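> Sequence plus predicted model, see below.
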There are 2 protein chains.
Amino acid sequence: MTPKKVIIADKMNQFSDHWNPRVIGELNGQQVRAVKLKGEFVWHDHDHEDELFLVIKGILKMEFRDRTETIYPGEFIIVPRKTEHRPVADEEVELLLFEPASTVNTGNVVDERTRTTLQKI
Amino acid sequence: MTPKKVIIADKMNQFSDHWNPRVIGELNGQQVRAVKLKGEFVWHDHDHEDELFLVIKGILKMEFRDRTETIYPGEFIIVPRKTEHRPVADEEVELLLFEPASTVNTGNVVDERTRTTLQKI
């Protein structure tokens, strides 16, 4: 069967909680994940995975130890493995993530927002 | 050095030719490619790579042998390996592609639009 398209806004309308990525696509061992953020995440890095953050709605501040990058809709940032980062969303942000299926959201840290099993929608 | 964001519109403004993808990001052996399409491409498939097409501007018709999917900005489609497809753009379309760095645009076909070396911008 040939594939159907994915309407990003429809996926975003299926959930409202924050820091809980949903899988909305899979290819080549990578996943496309939809997530909503609000507030400050935990400082972390990933030993083995680079991560792409594509902003769909809102303004994402990606903090690094030396500086902060501010990312608007229509923009993305690739955070290389082993690079400490902390996503911050003063108001709600909608994002797509592209990263290996193995990627745990909190990387080298475990806290109450760690998600090891992700829902597919 | 910590990474800089990528402004998709700025990358699109750096070229105007069609069917000639530029590399605008790399992660985990995958590439983010920006491309402009106009007209009908060649029917092809990829033996080893799944491909994601995310529409930024315009309307993409993705033809399969059994049906056509029409894809608007804010929507994407993942074409699995070994699936014959033909992108068609009646008017100019701006796309992002996510696919392995090994992916050749015309897949199992070689024609005058085949690109084996891509410019990084």
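Yep, that arrived. Numbers count the residues shown, from 1 in each chain, chains lettered A, B, ... in the order given.
> and the residue lying closest to residue A:41 once chain neighbours are set aside, what element?
Once flanking residues are discounted, residue A:41 sits nearest to residue A:87: 4.6 Å by Cβ to Cβ, 6 or more residues apart in numbering or on different chains. Yep, even glycine has a C-beta here, placed from its N, CA and C like the rest. Assigned by DSSP states H and E, residue A:87 falls within strand A:86-100.
> Next: residue A:78.
For residue A:78, the host element (DSSP H and E) is strand A:75-79.
> Show me what from chain A comes close to chain B.
Residues of chain A found near chain B (Cβ under 8 Å from any Cβ of the partner chain) are A:2-9, A:25-28, A:30, A:32, A:49-52, A:56, A:62, A:64-67, A:69-71, A:74-80, A:83, A:98-100.
> Out of these, which sit inside strands?
A:6-7, A:25-27, A:30, A:32, A:51-52, A:56, A:62, A:69-71, A:75-79, A:98-100 (DSSP state E).
> quick one on the thing from earlier: what strands flank the strand holding residue A:78, and is each parallel or antiparallel?
Using DSSP bridges, the strands paired with strand A:75-79 are strand A:51-57 (antiparallel), strand B:6-7 (antiparallel).
> what's in contact with the shortest one?
Read it as strand B:6-7. With contacts defined as Cβ atoms under 8 Å, 6 or more residues apart in numbering or on different chains, strand B:6-7 is touched by A:74, A:75, A:76, A:77, A:78, B:24, B:25, B:32.
> still on that earlier bit, tell me which residues in the strand holding residue A:87 are buried?
Within strand A:86-100, the residues scored as buried using 16 or more other Cβ atoms under 10 Å in any protein chain shown are A:87, A:88, A:89, A:93, A:94, A:95, A:96, A:97, A:98, A:99, A:100.
> Packing partners of it?
strand A:30-40, strand A:51-57, strand A:60-63 (3 or more Cβ pairs under 8 Å, 6 or more residues apart in numbering or on different chains; DSSP states H and E).
> tell me the angle of it relative to strand A:30-40?
Angle of strand A:86-100 versus strand A:30-40, following axes from the mean of the first three to the mean of the last three Cα atoms, to 10 degrees, is 170 degrees.
> Any of the residues of chain A next to chain B buried? List them.
Listed as buried from these are A:2-3, A:5-6, A:8, A:25-28, A:30, A:32, A:49-52, A:56, A:62, A:64, A:69, A:71, A:75-80, A:83, A:98-100; burial here means 16+ other Cβ under 10 Å.
> Grab the nearest non-local neighbour of the residue nearest the centre of chain A.
In chain A, the residue lying closest to the centroid (Cα atoms, centre = their mean) is residue A:97, at 4.1 Å. Excluding the flanking residues, the one nearest residue A:97 by Cβ to Cβ, 6+ apart is residue A:33, at 4.1 Å.
> Pretty sure that neighbour sits against residue A:118.
Yes - with contact defined as Cβ atoms under 8 Å, residue A:33 and residue A:118 form a contacting pair (6.9 Å).
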